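Visitor: Predicted model follows, preceded by the sequence.
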Amino acid sequence: MLYAEAQTPNENEITKLFTETFAASEGEAEGVLIGTLVTKLLKDQKADGSRVFTAIDNGTLVGAVVFSPLLYADDPRIVHLLSPMAVATERHGEGIGQALITYALNTLRNTGTDVAITYGSPAFYGKTGFQPLSESIASAPQALSFPHGWIGQSLTEAPLTPLRGPATCVSALNDPSVW
């Protein structure tokens, strides 16, 4: 298995992975929604500073995760938002997602990211160090429909202290329908 940051990601292949994975687990409409989101994220990647990490097994894309900047108006820390993440349906349960997230977090840590946040399953993401966040620690850029899924972690030696100011995400994620 090769885990790497995709410097020139194959946009069609990555979008297809997300669309098929989310359609299989959440239904066709969710697959289309997430596929469209990923298309926008990949299109804007160079301009907004998003980073794409992939898992490749024998030349086949089996996992991908996107981290994009999450800015807090009054805070100098570098924060990245993990969203979205997908592993090929037929490869679920093999630990690919956790290994890919761990690889990505280590890369982000080594390149200066202070905090990682995501919005998803605390049980799954907790295995890679994410902990529940209150909005007093880190405000979300949109209203949360699933507040207990707002989770994060410090990527430095320092504990996570409140991030100051309102949060702003990349334009592709600045859509209430994905929150």
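Guide: Happy to help now that I have it.

Visitor: Need the contact partners of the worst-scoring helix or strand of the chain on mean pLDDT.
Guide: Every helix and strand of the chain was ranked by mean pLDDT, DSSP states H and E. The lowest is helix 28-48, at a mean of 91. Here helix 28-48 makes contact (Cβ atoms under 8 Å, 6 or more residues apart in numbering) with 9, 11, 14-16, 18-24, 50-52, 66, 68-69, 84, 86, 170-173, 175, 177-178. For the C-beta atoms, the positions are set from N, CA and C on the backbone; glycine is no exception.

Visitor: Next SSE downstream of that helix?
Guide: Per DSSP states H and E, helix 28-48 leads on to strand 51-57 as the next helix or strand towards the C-terminus.

Visitor: For whichever helix or strand comes after that next one, give the mean pLDDT please.
Guide: Following strand 51-57 in sequence order, the next helix or strand is strand 60-72 (DSSP H and E). Across strand 60-72, pLDDT averages out at 97.

Visitor: Remind me what strand 60-72 packs against, helices and strands.
Guide: Using 3 or more Cβ pairs under 8 Å, 6 or more residues apart in numbering; DSSP states H and E as the contact test, the elements touching strand 60-72 are helix 11-26, helix 28-48, strand 51-57, strand 79-87, helix 96-110, strand 167-169.

Visitor: Next, the buried residues of that strand.
Guide: 61-72 (16 or more other Cβ atoms under 10 Å).

Visitor: what's the answer for stretch 39-51, then?
Guide: 39-42, 45, 50-51.

Visitor: And for Pro176, the neighbour number?
Guide: 8 (other Cβ atoms under 10 Å).

Visitor: oh, I was asking about Glu13
Guide: The number of residues packed near Glu13 is 13, by other Cβ under 10 Å.
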